[in-house]
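Colleague: got a sequence here, can you model it:
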Amino acid sequence: MVIWQCDFYHIPVSQAKEKPSWLLFISDPDGNQIHTGKCLQAEANSSWLIEQLRQAGKGNLPEKIQIFRPQIVGLFKTATEALSIELESTRRTRTLKQKIRQYMDDNFSTLSGNKYFALDKPPPQPLPESLWGENWSFVSIAAGEITNFIEDRPIPFKEIPESLLPMNLGIASNVVVPGIVVYGGRNSFSLCRWLQEQKPVALNYIPTEIGQSGGLVLESGLVDRWIFNTFEDESVAQAAKSYEDNKQISDGLHFLLIQPDDSGMTYTGFWLLKDE
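Modeller: Numbers count the residues shown, from 1 in each chain. Sure, this is the predicted structure:
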């Protein structure tokens, strides 16, 4: 499948005399730059975007376009529907952001890349009570065992992006990859269906009192955040700290596993995660 990763956003005005303008940047998932375009803010609409996409494709448009900004979903939805291209909203556009950052450094030295990519995130919302599991715990698996674990078990819901496979991240097979397992009981399928819709990205420990209490916050979609669970227990807080420490060792790679119970016989969902 041919995939383009795109961004179309206004360039911060560094001088009062400059006219507001927008930058379109297109690359492929491997980081190869395909096209750039620039227009005045008054011209930044779906018609201009459609024409630019046609120019970039030169008769060979992609099957899918990926974007990471909530603000431009509407523009790209109109453009991709007109061109019969699948649109995917995803945070996993790291190579695109790296190429844009390089472009900005080369052409707009006064701009801050971090500020350009910063997205406003709403406060985390509570996980719907109807999806609560019966129990949960911290677990881990050796990086070299992840592929076998997935392939050897029938798992109805799973998301394993190829870019997050340990071998593609350069993670040694003996590195411990931390994770969370939720024993969902009767809610296992409902929880997995909900997770599939939300598109999990990362599951992070947020301490409220270091070494004493805190919770796990699920990052999903483009900017969504969910309070996955909370705890006030010193031993759990210490385990959560170890979980975050192990994420540092595994280059941020971690996982979420959903099981109906702790028998180890049945698995309902598996998501390989990495914060963007």
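Colleague: tell me how many other residues surround residue 216.
Modeller: 21 (other CB atoms under 10 Å). For glycine as for every other residue, the C-beta is placed from the backbone atoms N, C-alpha and C.
Colleague: how about the spatially closest residue to it that is not a sequence neighbour, secondary structure?
Modeller: Spatial nearest neighbour of residue 216, chain neighbours left out: residue 228 (4.3 Å); criterion: CB to CB, 6 or more residues apart in numbering. Secondary structure assignment for residue 228 (DSSP: H, G, I helix; E, B strand; the rest coil): strand.
Colleague: residue contacts, residue 228?
Modeller: Contacts for residue 228 (CB atoms under 8 Å, 6 or more residues apart in numbering) come out as 127, 180, 203, 215-218.
Colleague: and which of those is nearest to residue 52?
Modeller: Nearest to residue 52 among the contacts of residue 228 is residue 218, at 35.3 Å by CB to CB.
Colleague: related to what we said a few turns ago, which of the contacts of residue 228 lies closest to residue 66?
Modeller: residue 218 (21.0 Å).
Colleague: the closest one should be in a helix, yeah?
Modeller: No: per three-state DSSP, residue 218 lies outside any helix segment and is strand.
Colleague: who's in contact with it?
Modeller: Counted by CB under 8 Å, 6+ apart, residue 218 has contacts 124, 127, 198, 200, 202-203, 225-228.
Colleague: and the average pLDDT for the longest helix anywhere in the chain is what?
Modeller: Longest helix in the chain, counting residues (DSSP state H): helix 234-249. Averaging pLDDT along helix 234-249 gives 94.
Colleague: buried residues, that helix. List them.
Modeller: For helix 234-249, a neighbour-count test (16 or more other CB atoms under 10 Å) marks 236-237, 240, 243, 246-247 as buried.
Colleague: what of stretch 92-105?
Modeller: Neighbour counts over stretch 92-105 (16+ other CB under 10 Å) mark 92-93, 95-97, 99-100, 103-104 as buried.
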